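> My questions concern the predicted model and sequence given below.
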Amino acid sequence: MARNDNPALDPRLAAAVGDLRLRARLVVEGLVAGLHRSPLAGVAQEFVEHRPYRPGDEPRLVDWRTWAKTDRLYVKTYEEESDLRLWLVLDVSASMGYRGEGTGVDKLEYARTLAAALAYLTVRQGDNLGLAVFSAGLSAYLPPRRGPLQLGKVLNVLTTLDPGGGTDYEALVRELAGRAGRRGLFVIISDLWGEDDDPGASLAALAARRHELIALRVLDPDEIAPDFSGPLLLRGLEEDAELPVDAEALGRAYRERFAEHDGRLAARLRAAGADYLRLSTAGDFIAPLRRFLARRDRLRNATGRPTR
């Protein structure tokens, strides 16, 4: 992913902003500056009743079907109501602490900033925001709520996180499905590494329960296309193990296995109706934020409620 010229979107410079709320706001404002229409214009609306058309009413609110039947202009009136329940689901396992030599931030710092920006955007849109933090199990959980107070709680949790432990995606999905209740939108931010060779199968179970799902896979450039040379000694991040290897042969085998794994993961999630986006910690935050907005619009349009 190409690096963006806006310094507020560069992962290294964004991470240098100590206050997470300010960092999130800078990233979101950088997104808005690149769009023709502000994504922060309002929340979903619930139809209430018709009233006669008055000069100055927006044409998009006119009920044209009623006009065709009665030859009279009526306007649909709405009551603002946000029914979208969004969970940010953040991976803090040990592998999320990895940072390559040529990368300015580790995966968790990138994911933390991305989660904070999504939280800021969600609350600004009037939606219900929840948070789930996991490694081998859930280590923190905030049920969805609306408003600035909820944003503060989420940012406070995000600020205190450190990487550690393994991952269990199957247990995560069971836990989330049990807590979620009604339909919602889950945004999974994770490197999607773990003992489970196919985490997509576990995560797809959320979509099978009629939840919306966006999977944002955060990886260091070393994990996508490593530059191996010379004698190497590999050390595990989530288990205590070392392995001497032939660098050239390992590089070829790794790239093949990674392409196979990533392709299978993407296909599994997309077949379940989920969005999948792979991110590099060397890239900016625009792509995942735009994907979030597109999924949000599709979810609301599916309910028949207009968005502003």
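Structure's in. What do you need? Residues are numbered from 1 along each chain as shown.

> Provide a list of residues in contact with the nearest residue to residue 161 once chain neighbours are set aside.
Nearest residue to residue 161 in three dimensions, chain neighbours excluded: residue 92, at 5.1 Å (CB to CB, 6 or more residues apart in numbering). From N, CA and C alone the C-beta is placed, and that goes for glycine too. For residue 92, the contact set (CB atoms under 8 Å, 6 or more residues apart in numbering) comprises 108, 133, 134, 135, 139, 161, 162, 163, 164, 165.

> Okay, and which of those residues map to helices?
When DSSP state H is applied, the contacts of residue 92 are split such that residue 108 fall in helices.

> Pull out the buried members of the contacts of residue 92.
With neighbours counted by 16 or more other CB atoms under 10 Å, the contacts of residue 92 contain buried members at 108, 133, 134, 135, 161, 163, 165.

> What separation do you get for the residue nearest to residue 161 and residue 286?
24 Å (CB to CB, to the nearest Å).

> I figured residue 93 was touching residue 169, is that so?
No: counting by CB atoms under 8 Å, residue 169 is not a contact partner of residue 93; they are 10.4 Å apart.

> now the helices: where do they sit in this protein?
11-15, 20-33, 64-70, 107-124, 148-159, 169-180, 199-208, 221-224, 247-271, 286-302.

> Among those, show me which one is buried the most.
Scoring the helices of the chain by mean neighbour count under mean count of other CB atoms under 10 Å gives helix 107-124 as the most buried, with a mean of 25.

> Flag the shaky bits of the stretch 151-300 of the chain, pLDDT-wise.
Counting by pLDDT under 70, the stretch 151-300 of the chain has low-confidence residues at 196-197, 230, 236-240, 296, 299-300.

> let's see 80
For the stretch 151-300 of the chain, the stretches with pLDDT under 80 are 181-182, 194-198, 207-210, 227-250, 292-300.

> Nearest to the spatial middle of this structure, which residue is it?
For the chain, the residue sitting closest to the mean C-alpha position, by CA atoms, centre = their mean, is residue 187 at 4.0 Å.

> Chain neighbours aside, what residue packs nearest to residue 137?
For residue 137, ignoring the flanking residues on the chain, the nearest one in space by CB to CB, 6+ apart is residue 171 at 6.1 Å.

> correction: residue 268
residue 200 (3.4 Å).

> again with residue 119
Residue 119 sits nearest to residue 154 (CB to CB, 6+ apart), 4.8 Å away.

> is it true that the one you found touches residue 88?
Yes: in this structure, residue 154 is within contact of residue 88 by CB under 8 Å, at 7.2 Å.

> got any residues that touch both of the two?
By CB under 8 Å, 6+ apart, residue 154 and residue 88 have these common neighbours: 119, 129, 131.
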